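>>> this one's structure only:
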């Protein structure tokens, strides 16, 4: 199998059963904040535009590049659709002219023409929105690869059952606005950044060890920020507090963890994987690698000069006039608040939106207690977002259902919070449509029922992490009374079930019963030992 990097999460898979293009991204995203890194503009789309298959993992704009897909990809290609409960991805692709689809089923093998077998695993936990992330396994009968993409799968057995992997393409640096948009003091910002940088890379290594592929290719990040307002977010000098480490940093981290089978995978890198697990890597010129690695600031300044017209054009296209934002939000969002009973209960507070321009600041409150949107009148709030007016005007006029996928990931806002992290705030702003909100509320209703349990030393806990359903038997570790889910680094006090990194979740945890009836019941749960990974 021959695999070419198209940049970021973009892949061209040339297999015995046909070619698959995955997540081609070439245009600035998230209000022109994100630019592919390194520069992939030298890749000729004519070399893959007529591929037999197209796979778009999810709707985030660094994976779903509507402009590129519309202008370059053949509409005769067959789209491999992940199994999302809300059909927005299909609708978006249909609007671009695509008409041939293979609808996969989550964690089920699909046989394609030419002998290809594929499997997709979609992550649809409400915290990731109803159109979250997905990964793709491709097996052409000789070589198997896993394009994990941005996904963080909680079910690993279906992939393992396909057989050993020859290649694993893994994300190591997440897409996030935390902590960089928050008004933290310098010391706190550095501490949070350092922890987040390490946790992201440690999570990737955990996946690498879990899947045990013969060859590892870090990809799907980081982005680069070339607008003047955001340029300092780039990791210009291997700063251990920066949350956007590059491939060079992660490959070094892998080696420190004892993994020597990782490969630099830059735009234009070509890899040929053999059935015996070996890899032939055709790397881009060493002079180009050295420039990217050793002269980061100079490289990015040259890159910035090239793409500045695109950034300027995107900004110029934003609304320049003022409208009745409060009235539009009341008309649009208040009916969603009326059906968001579980989300409102979990937020249990208010969010202040400050819309700023040269004429001042308009303040509006999203009140999850009284389920209304109103002019701010001094009420107590738990989260505050401060956003330039043209961005909010654009979101409201287009009725953008997922503000995370437009505003938040752009990092073009400022944030404060008075309490700990509450994931339900961001779940709400990812579900600003009746279809999304109805789905998420139904998920919360279903999850309120019975749960599977596991043992953790002298306690019995729910088996699925309260954050995003990771199996704690596979991802949990216990040390000194603290359970840590290695999927995202969430920590819980075993004695109380309290979440130590946010206030939106609680772990079900109770003492192990010692009476005869209770002991018999507890014996049915998978046993775990303190200080070790949870295992069945």
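The structure has been received and is ready for your questions. Predicted, not measured: the structure shown is a model, and the values here were computed from it.

>>> measure the nearest residue to residue 409 once chain neighbours are set aside to residue 411 for me?
Spatial nearest neighbour of residue 409, excluding adjacent residues (C-beta to C-beta, 6 or more residues apart in numbering): residue 30 at 4.7 Å. C-beta coordinates here come from the backbone N, C-alpha and C atoms, glycine included. Distance of residue 30 to residue 411, computed by C-beta to C-beta, to the nearest Å: 8 Å.

>>> same question, residue 433
Residue 433 is 24 Å from residue 411, by C-beta to C-beta.

>>> and the two? which has more neighbours close in?
The neighbour count for residue 433 versus residue 411, taken as other C-beta atoms under 10 Å, is higher for residue 411 (21 against 18).

>>> isn't residue 84 up against residue 121?
No. Taking contacts as C-beta atoms under 8 Å, residue 84 lies outside contact range of residue 121: 11.5 Å.

>>> residue 385 contacts residue 356, correct?
No. Residue 385 is beyond contact range of residue 356, at 10.8 Å (criterion: C-beta under 8 Å).

>>> and the two? Which one has more around it.
A count of neighbours by other C-beta under 10 Å puts residue 385 above the other of residue 385 and residue 356, at 22 against 16.

>>> follow-up on the earlier one: more neighbours, residue 84 and residue 121?
Comparing residue 84 with residue 121 by other C-beta under 10 Å, the one with more neighbours is residue 121, at 26 against 23.

>>> what sits against the residue nearest to residue 409?
61-62, 405-406, 409-411 (C-beta atoms under 8 Å, 6 or more residues apart in numbering).

>>> looking at the residues you listed, which has the smallest pLDDT value?
In terms of pLDDT, the weakest of the contacts of residue 30 is residue 405, which scores 88.

>>> picking that back up, output the contacts of residue 30 as a markdown table; include the columns secondary structure.
Conversion of the contacts of residue 30 to a markdown table gives the following (DSSP: H, G, I helix; E, B strand; the rest coil):
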| residue | secondary structure |
| --- | --- |
| 61 | coil |
| 62 | coil |
| 405 | coil |
| 406 | coil |
| 409 | helix |
| 410 | helix |
| 411 | coil |
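
>>> could you dump the residues you listed to JSON lines with distance to residue 202?
Below are these laid out as JSON lines (distance: C-beta to C-beta, whole Å):
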{"residue": "61", "distance to residue 202": "27"}
{"residue": "62", "distance to residue 202": "23"}
{"residue": "405", "distance to residue 202": "26"}
{"residue": "406", "distance to residue 202": "30"}
{"residue": "409", "distance to residue 202": "22"}
{"residue": "410", "distance to residue 202": "27"}
{"residue": "411", "distance to residue 202": "23"}
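
>>> start and end of stretch 176-185, how far apart?
End-to-end distance for stretch 176-185, by C-alpha to C-alpha, to the nearest Å: 19 Å.

>>> what about residue 348, how many neighbours?
Using other C-beta under 10 Å, residue 348 is surrounded by 14 other residues.

>>> likewise residue 338?
Counted with other C-beta under 10 Å, residue 338 comes out at 12.

>>> I figured it hits residue 371, correct?
Yes. With contact defined as C-beta under 8 Å, residue 338 and residue 371 form a contacting pair (6.1 Å).

>>> overlap of the contact sets of these two?
By C-beta under 8 Å, 6+ apart, no residue touches both residue 338 and residue 371.

>>> longest helix of the chain?
helix 186-211 (DSSP state H).

>>> tell me what that one is packed against?
strand 167-171, helix 247-256 (3 or more C-beta pairs under 8 Å, 6 or more residues apart in numbering; DSSP states H and E).

>>> pLDDT of that helix, averaged?
95.

>>> give me the angle between it and helix 247-256.
60 degrees (axes from the mean of the first three to the mean of the last three C-alpha atoms, to 10 degrees).

>>> which elements pack onto the helix or strand following helix 186-211?
Remark: after helix 186-211, the chain's next helix or strand is strand 215-219, criterion DSSP states H and E. Judged by 3+ C-beta pairs under 8 Å, 6+ apart, strand 215-219 is in contact with strand 167-171, helix 247-256, strand 270-273.

>>> can you list the ones you listed in CSV and add mean pLDDT and mean neighbour count?
Listed next are the helices and strands packed on strand 215-219 as CSV, based on pLDDT from 0 to 100; neighbours: other C-beta atoms under 10 Å:
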stretch, mean pLDDT, mean neighbour count
strand 167-171, 97, 25
helix 247-256, 98, 18
strand 270-273, 98, 19
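
>>> for residue 280, give its distance to residue 139.
As judged by C-beta to C-beta, residue 280 and residue 139 stand 20 Å apart.

>>> neighbour count: those two, which is higher?
Comparing residue 280 with residue 139 by other C-beta under 10 Å, the one with more neighbours is residue 139, at 22 against 10.

>>> gap between that one and residue 20?
Note on residue 139: its distance to residue 20, by C-beta to C-beta, is 12 Å.

>>> now swap in residue 310 and tell me
In terms of C-beta to C-beta, residue 310 sits 28 Å off from residue 20.

>>> what's the answer for residue 324, then?
Distance, residue 324 to residue 20, using C-beta to C-beta: 47 Å.

>>> and these two? Which one has more around it.
Counted by other C-beta under 10 Å, residue 324 and residue 20 do not tie: residue 20 has more neighbours, with 27 against 10.
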